[in-house]
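1. Prediction below, plus the sequence it came from.
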Amino acid sequence: MTYRFSYDEASPYAHAVRLIGAHRRPEGRVVVDLGCGYGPIAEPLRSLGLDYVGVDSDRPGIEDLVARGFEGHVGDIASPGPLADQLSGVLAGRPVAAVCLLDALEHLADPDALLRSLAGMTGGATLVVSIPNVTHLDLGVKLLLGRWDVTETGLLDATHLRFFSEAGLEETMARCGWSEVGRADFELVLSDQHFPEDSVALDRATPVGSLLTWLRTSAGPAALVNQFVRAYAPGERTVDSAAEESERPFLSVLVRTQGTRPGTLEDTLLSLAAQTCADFEVLVLAHDAAPSALAGVEAAVAAFDPSFADRVRVVPVGGGGRARPLNEGARVARGHHLATLDDDDLAFAHWVETLKAAAGRAPGRVLHTGVAAQSIAEEDRAPGYRVAGPPHCPYPVAFEQLDHMVDNRTPNCGFAVPRSLVADLGQAWDDTLPVYEDWEYLLRATALCGVEDTGVVGALARVWERGERSTTAHDEAAWDDARVGVVARLDARPFLLAPGSVSKLRRLVAAADAGGGDWQAGVSESSHHATLAELAAARGELAALRASTSWRLTAPVRALADRLRRAGRRR
């Protein structure tokens, strides 16, 4: 009687019935429920006009089914050979609409044997499974605490012999020749493993509970899935990808471009072709590029020697904001680390080499390199720009986390992140930000990974003195809003500080106290709202000033002053 569960519309059984209704084989009428127990889905399937056939090694469950007017047979799903012979006689040529394995596979020592033989047993009917998720948030948190609480039923049923994650289920089904055609996973925010109630880590409102919840839910959509409820059709078995995994390069370089600046893009690619270390691939992400611009990008890549061009892929990307191409590039990248360049950045010849050396010292950290800057101006003649100033180094070579919370001090070409940050923790670039998407990602990445400095300047960020750029494409208000948005995102969850940060924060607070500053107001919620109000008021005052008569009358004077300043900078 332990497994005599009733049918409920808010249960995994209802989800399975919906999948059967949506994906059953049209010419079939019989649903074979293997490992059926007491057959909780028998009545709902009958209401759909289907004939239910239950099979289980537990005789009381089969007797109960027969007493309710359903067909039931005692059979052992752990022995696929005899089961196939038995089903052949039971079905007697009747076409099968679907086969169910609900809460059954996890009880088998060798589920692969049954899965491989099922298609032949039932003529290729749809297979619907329901399997407990061993990576539910509650189980993950408790495992971190050293707890593995086996229970009579539930996620850690005492009779379970196999445990499935989402990736493990997908690999098993593909290996055994099944392709997914539908899913209706059953979620429980609080599973049967959500105990003890006073656990600090399980409490989603505590700092540690909030952090663990954010990490797990970011890592994949199955954090709250209690049962994987999936439908499959027979398909080809997949091959092992271990060989492909071993051939991954150290670095994937994600180059953003719209194809409108072929001169600087060619320079960027040339700087990559000249690297002293060739252990990298390049993904040129053509974002919303016109057909002619895309053709130009592909021609620019093809012009290089095959030794470099063969390591470059052009990936068209449509829609979204500035972060969309980075997320699309990360999705198809093969490297162990991800670095980004815009189509006007230059990588010095040792850029990849020094990043790889830093990764050798600290493979799981964000790799940081110094960045130089140089002003350039747009020109009508090739290569489309001219140098407008000497290179200089305005950015620190050594990374300091607290300094970066004030403002971004590392251009996007100055760091590389472990691909695991995206693939395993689900940390994508925020495509809702119109600007500062690289700053927000750097803060998030360094908080989770820490930083390993290369100790050298490795790249050159070119700053457009004249011409279209992010600072002209978005007005000052958009930049202010994005800056406030980045801070709000950091405020919304617990934030991990690098070692040594407490001492630095103490010094900052002590200095503020000594100077009479009210440092507490800077971190309070009321101060945050006050800052937003002050920002709105300042914008209103600025708008009123620009609309005033005096502002219009002094416009010629301001224009002359601007021209004189630009002339001075050029000299």
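-> Received, thanks.
2. Dump the longest strand seen in the chain to CSV, keeping only the CA atoms.
-> Longest strand in the chain by number of residues, with DSSP state E as the criterion: strand 451-466. What follows is strand 451-466, C-alpha atoms only, in CSV (Å, rounded to 0.1, in the frame of the first residue of the first chain):
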residue,chain,number,x,y,z
VAL,A,451,40.2,37.2,-10.5
GLU,A,452,43.6,36.2,-11.7
ASP,A,453,45.6,39.2,-13.1
THR,A,454,48.0,38.8,-16.0
GLY,A,455,50.1,41.7,-14.8
VAL,A,456,50.5,43.2,-18.2
VAL,A,457,48.7,45.4,-20.7
GLY,A,458,47.2,43.0,-23.3
ALA,A,459,44.8,45.0,-25.5
LEU,A,460,44.0,48.4,-26.9
ALA,A,461,40.5,49.9,-26.7
ARG,A,462,40.0,52.6,-29.4
VAL,A,463,37.8,55.5,-28.4
TRP,A,464,35.9,57.3,-31.2
GLU,A,465,36.5,61.1,-31.0
ARG,A,466,34.2,61.5,-33.9
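3. and that strand, which residues are buried?
-> Residues 451-454, 457-465 are the ones in strand 451-466 that count as buried (16 or more other C-beta atoms under 10 Å). Yep, even glycine has a C-beta here, placed from its N, CA and C like the rest.
4. Which two among the residues you listed are spaced furthest apart?
-> Greatest spatial distance in these: E452 and E465, 33.6 Å, computed using C-beta to C-beta.
5. I'd guessed L155 sits against N133; true?
-> Yes. Contact status for L155 versus N133: in contact at 7.2 Å, counting by C-beta atoms under 8 Å.
6. who touches both of these two?
-> N226 (C-beta atoms under 8 Å, 6 or more residues apart in numbering).
7. domain ranges for this protein?
-> The chain breaks down into these structural domains: 12-234, 243-491, 501-570 (assignment by automatic domain parsing).
8. any idea how far G364 is from H336?
-> Using C-beta to C-beta, to the nearest Å, G364 is found at 10 Å from H336.
9. go on, L101?
-> Distance from L101 to H336, counting by C-beta to C-beta: 37 Å.
10. Those two: which has the busier surroundings?
-> Comparing L101 with H336 by other C-beta atoms under 10 Å, the one with more neighbours is L101, at 26 against 18.
11. for the more buried one, which residues make a bridge with it?
-> For L101, the beta-bridge partners under DSSP bridges are L34, V129.
12. shared neighbours of G364 and H336, anything?
-> Common neighbours of G364 and H336 are listed as P418 (criterion: C-beta under 8 Å, 6+ apart).
13. Is Q374 in contact with P394, as I believe?
-> No. The pair Q374 / P394 is not scored as a contact, 10.5 Å apart, by C-beta under 8 Å.
14. Which of these two has more residues huddled nearby?
-> Just comparing Q374 and P394: by other C-beta under 10 Å the higher neighbour count belongs to Q374, 15 against 11.
15. pLDDT score for the closest residue to the more buried one other than its chain neighbours?
-> In this structure, Q374 finds its nearest non-sequential neighbour in P391, 4.5 Å apart by C-beta to C-beta, 6 or more residues apart in numbering. pLDDT, P391: 93.
16. contacting residues for P391?
-> Contacts for P391 (C-beta under 8 Å, 6+ apart) come out as A372, A373, Q374, L460.
17. Any figure for the gap between it and E379?
-> 19 Å.
18. swap in V457?
-> The gap separating V457 from E379 is 27 Å, by C-beta to C-beta.
19. repeat for A113
-> 70 Å.
20. Comparing these two, which residue is more hemmed in?
-> A113 (16 against 13).
21. Okay, now the unreliable bits of this protein?
-> Within the chain, the segments meeting pLDDT under 70 span 1-2, 237-246, 466-474, 516-571.
22. hang on, the earlier thing: in CSV: the domains of the chain, plus distance to R4.
-> Below are the domains of the chain laid out as CSV (distance: least, C-beta to C-beta, whole Å):
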stretch, distance to R4
domain 12-234, 5
domain 243-491, 39
domain 501-570, 52
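23. So which of those is nearest S6?
-> S6 sits nearest to domain 12-234 of all the domains of the chain, at 6.1 Å, using C-beta to C-beta.
24. Endpoints of stretch 21-30, how far apart?
-> When the termini of stretch 21-30 are compared using C-alpha to C-alpha, to the nearest Å, they are 12 Å apart.
25. what comes into contact with it?
-> With C-beta under 8 Å, 6+ apart as the test, stretch 21-30 has contacts from 31, 48-53, 91, 94-98, 124-126, 128, 181-182, 231, 233.
26. show me what contacts V99?
-> V31, V32, D33, L34, L118, M121, T122, A125, T126, L127, V128.
27. From what I see, A201 and L143 are in contact.
-> No. Applying C-beta under 8 Å as the test, A201 and L143 come out as separate, 10.5 Å apart.
28. so the spatially most central residue of the chain, which of the three states?
-> Centroid check for the chain by C-alpha atoms, centre = their mean gives G426 as the closest residue, at 2.8 Å. What DSSP: H, G, I helix; E, B strand; the rest coil gives for G426 is coil.
29. How many residues are close by the nearest residue to L91 once chain neighbours are set aside?
-> Closest residue to L91 apart from its sequence neighbours, by C-beta to C-beta, 6+ apart: V30 at 6.7 Å. Number of residues near V30 (other C-beta under 10 Å) recorded here: 21.
30. One more: A482?
-> Look at A482: counted by other C-beta under 10 Å, it has 20 neighbours.
31. got it, and A16?
-> Neighbourhood size, A16 [other C-beta under 10 Å]: 29.
32. gap between it and G182?
-> To G182, A16 is 11 Å away according to C-beta to C-beta.
33. R365 too?
-> Distance, R365 to G182, by C-beta to C-beta: 41 Å.
34. Give me the more crowded residue out of these two.
-> Per other C-beta under 10 Å, whichever of R365 and G182 has more neighbours is R365, with 21 against 16.
35. Once you drop chain neighbours, what's closest to that one?
-> E452 is the one closest to R365 (C-beta to C-beta, 6+ apart), at 4.3 Å.
36. same check, this time on G120
-> Spatial nearest neighbour of G120, chain neighbours left out: A84 (7.1 Å); criterion: C-beta to C-beta, 6+ apart.
37. right, and V253 touches D343 too?
-> No. Using C-beta under 8 Å, V253 is not in contact with D343; the gap is 11.9 Å.
38. Quick check on these two: which one has the bigger neighbour count.
-> Neighbours per residue (other C-beta under 10 Å) separate V253 from D343, with V253 holding more: 29 against 24.
39. check which helix or strand covers the more buried one.
-> strand 251-257 (DSSP states H and E).
40. Show me which positions of the helix or strand hosting G72 end up buried.
-> In the assignment (DSSP H and E), G72 maps to strand 71-74. Of all the residues in strand 71-74, those buried under the rule 16+ other C-beta under 10 Å are E71, G72, H73.
41. just these now: which is nearest L215?
-> The closest of the buried residues of strand 71-74 to L215 turns out to be G72 (C-beta to C-beta; 45.6 Å).
42. Show me the beta-bridge partners of that closest one.
-> Note on G72: beta-bridge partners G54, judged by DSSP bridges.
43. residues of stretch 267-278 that come out buried?
-> For stretch 267-278, burial by neighbour count (16+ other C-beta under 10 Å) applies to D267, T268, L269, S271, L272, A273, Q275, C277.
44. ok, now stretch 405-421?
-> Within stretch 405-421, the residues that qualify as buried are 408-419, 421, counting by 16+ other C-beta under 10 Å.
45. So which of these sit within strands?
-> The members of these that map onto strands under DSSP E are F415, A416, V417, P418.
46. For these, give me TSV that also has distance to T159.
-> Shown next, in TSV, are these (distance: C-beta to C-beta, whole Å):
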residue	distance to T159
F415	49
A416	47
V417	43
P418	39
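47. which residue packs closest to G220, ignoring adjacent ones?
-> Nearest residue to G220 in three dimensions, chain neighbours excluded: G426, at 6.1 Å (C-beta to C-beta, 6+ apart).
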